[in-house]
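1. Any chance you could fold what I've pasted below:
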Amino acid sequence: MTQEQTPTSRIASIDIMRGLVIILMMLDHVRERFYMHVRTGDPIADTIEPDLFFTRMLTHLCAPVFIFLAGTSAWLYAHQKEGEYRSPSKFLFTRGLVIIMIEIVLYYLVWADSFPNYLFLQVLWAIGLCMVALSLACRLNYWVIGALGFLIVLGHNALVPLNFEPGEWGYIPWAILHDGGELGKVGPLTVSLSYPSLPWFGVILLGYFAGPLFARSTTTLTRWQWLIGLGVSCLALLLVLRGFNIYGETIPWAVQDTAIETVMSFINFTKYPPSLDYVLLTLGVGLLLLAWLETVKKQNWALNLMQTFGSIPMFIYVLHLYVLLAAYWILYAIFGATHGARYGLDSVLWIWVGMFTLVAVHYPIAKAFAAYKHREKRNKPWLSYF
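-> Residues are numbered from 1 along each chain as shown. Model prediction:
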């Protein structure tokens, strides 16, 4: 797979990784929509069966990889032409606000049937807020950006003992930055935040710092070597920190009754907020996947599909949530409530079937919209937000 590009072309490996993230998001959202009768928890409850555990663990790749690549894309936006720089501040700021509005309005409507009195601030909130913050941070020296990113990702676990009770002066800002939780009420709605922004800001800074790896002046071999080295380093550091329960995760692992349960204990990390061990595992795997894509000489249908999804991630993200909502009510009308008051699937296998069905349904739409976007985006700048 060639990474050479003209100033207006896209980088295939980044789009493919984004597309993989979108597909895994579909898997996770099928689980959330149709398997709500089994709550996974955070970290994942030790009573969960292995098939559901590893399905949930696989979807943990989504947020870190997507936010990291958002930072990388911001650097590429600022350096489209070799030797020239254009500030990404305005684009990042406006895009961040648009994503936050999508979270507040469209995402609420998706879940209003299940939680009518709650407004959840989740991954789009975190992405949008990180983009707004990056619109300011990108003015800093490049090495300061990298140092700040490493400091936040490596050090935020040390802040776990710091907490505030509801009603205390620091509760709301600290909930937004690090702890999450209920922020209060806006009219009849209780605002609940599950994606604290500080650790994710560290991840987007590291993505921006990694941007030069994808510059046109960087050879494929150099990029591959760096991606392999960084990915292996993340996983090696994880083995040391987690293996000896030194730092990076609040809940220690322990040997269990079976080998599979021991593995589950070892890789069961906190996502809200993302622990250092969580970030090391997910970004380590993500970097190795990006390195593998550097070795692909000829794309197949699966990579083409992922690349199409990854070139219009926000469009597919929003669309599939409403398709899932419609599918839920259709199945509910046909079969009625199967788990309590809701319709739900009977096995984890059906979650995977649902994901593959979503992919098949969305691909023709994605292909058509991607062609339209890339054909018209010069004349219709709003298309860049999708």
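2. Just give the nearest non-adjacent residue to residue 157, would you?
-> Nearest residue to residue 157 in three dimensions, chain neighbours excluded: residue 276, at 5.0 Å (CB to CB, 6 or more residues apart in numbering). Where you see a C-beta, it was placed from the backbone N, CA and C, and this is true even at glycine.
3. so who does that neighbour touch?
-> Contacts for residue 276 (CB atoms under 8 Å, 6 or more residues apart in numbering) come out as 153-154, 156-157, 241, 247-249.
4. Looking at those residues, which is nearest residue 270?
-> residue 249 (6.4 Å; CB to CB).
5. didn't the closest one look like it was pressed against residue 238?
-> No - judged on CB atoms under 8 Å, residue 249 makes no contact with residue 238 at a distance of 9.6 Å.
6. which residues of the stretch 101-250 of the chain fall in helices?
-> Along the stretch 101-250 of the chain, counting by DSSP state H, counting those that start in this stretch, helices occupy 108-111, 123-137, 142-155, 171-174, 197-209, 220-243.
7. between these, which one is nearest to residue 314?
-> The closest of the helices of the stretch 101-250 of the chain to residue 314 is helix 123-137. By CB to CB, the value is 8.7 Å.
8. I'd like the C-alpha coordinates of the closest one written as PDB, please.
-> C-alpha atoms of helix 123-137 as PDB (Å, rounded to 0.1, in the frame of the first residue of the first chain):
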ATOM      1  CA  VAL A 123     -17.200   9.800  23.400                       C
ATOM      2  CA  LEU A 124     -18.200  12.600  21.000                       C
ATOM      3  CA  TRP A 125     -18.200  15.000  23.900                       C
ATOM      4  CA  ALA A 126     -14.600  14.000  24.700                       C
ATOM      5  CA  ILE A 127     -13.500  14.200  21.100                       C
ATOM      6  CA  GLY A 128     -15.100  17.600  20.600                       C
ATOM      7  CA  LEU A 129     -13.700  19.000  23.800                       C
ATOM      8  CA  CYS A 130     -10.200  17.600  23.000                       C
ATOM      9  CA  MET A 131     -10.300  19.300  19.600                       C
ATOM     10  CA  VAL A 132     -11.300  22.600  21.100                       C
ATOM     11  CA  ALA A 133      -8.400  22.300  23.600                       C
ATOM     12  CA  LEU A 134      -6.000  21.200  20.800                       C
ATOM     13  CA  SER A 135      -7.000  24.300  18.800                       C
ATOM     14  CA  LEU A 136      -5.200  26.300  21.600                       C
ATOM     15  CA  ALA A 137      -2.400  23.800  22.400                       C
END
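9. in that helix, what counts as buried?
-> Buried residues in helix 123-137, counting neighbours by 16 or more other CB atoms under 10 Å, are found at 123-135, 137.
10. ok, these vs residue 98, which is closest?
-> Distances from residue 98 to these, taken as CB to CB, are shortest for residue 128 (7.5 Å).
11. any idea how far the residue nearest to residue 41 when sequence neighbours are not counted is from residue 240?
-> Using CB to CB, 6+ apart and skipping residues adjacent in sequence, the residue nearest residue 41 is residue 48, 7.7 Å away. Residue 48 sits 27 Å away from residue 240, taking CB to CB, to the nearest Å as the criterion.
12. Same question for residue 289.
-> For residue 289, the distance to residue 240 equals 22 Å [CB to CB].
13. Which one's more surrounded, the two?
-> residue 289 (17 against 11; other CB atoms under 10 Å).
14. now the stretch 1-150 of the chain, which segments are flagged as low pLDDT?
-> 1-9, 82-83, 113-114 (pLDDT under 70).
15. Which strands and helices lie in contact with the helix or strand hosting residue 26?
-> Element membership of residue 26, judged by DSSP states H and E, is helix 12-34. For helix 12-34, the contact count by 3 or more CB pairs under 8 Å, 6 or more residues apart in numbering; DSSP states H and E identifies helix 50-59, helix 62-78, helix 276-293, helix 301-311, helix 313-335, helix 348-376 as packing neighbours.
16. how about residue 124, what does it touch?
-> Contacts of residue 124 by CB under 8 Å, 6+ apart are 99-100, 102-103, 107, 317.
17. Kindly provide the distance from it to residue 61.
-> Using CB to CB, residue 124 is found at 17 Å from residue 61.
18. One more: residue 290?
-> 12 Å.
19. Neighbour count: the two, which is higher?
-> Using other CB under 10 Å as the criterion, residue 290 and residue 61 rank with residue 290 on top: 27 against 20.
20. Alright, I will stop here.
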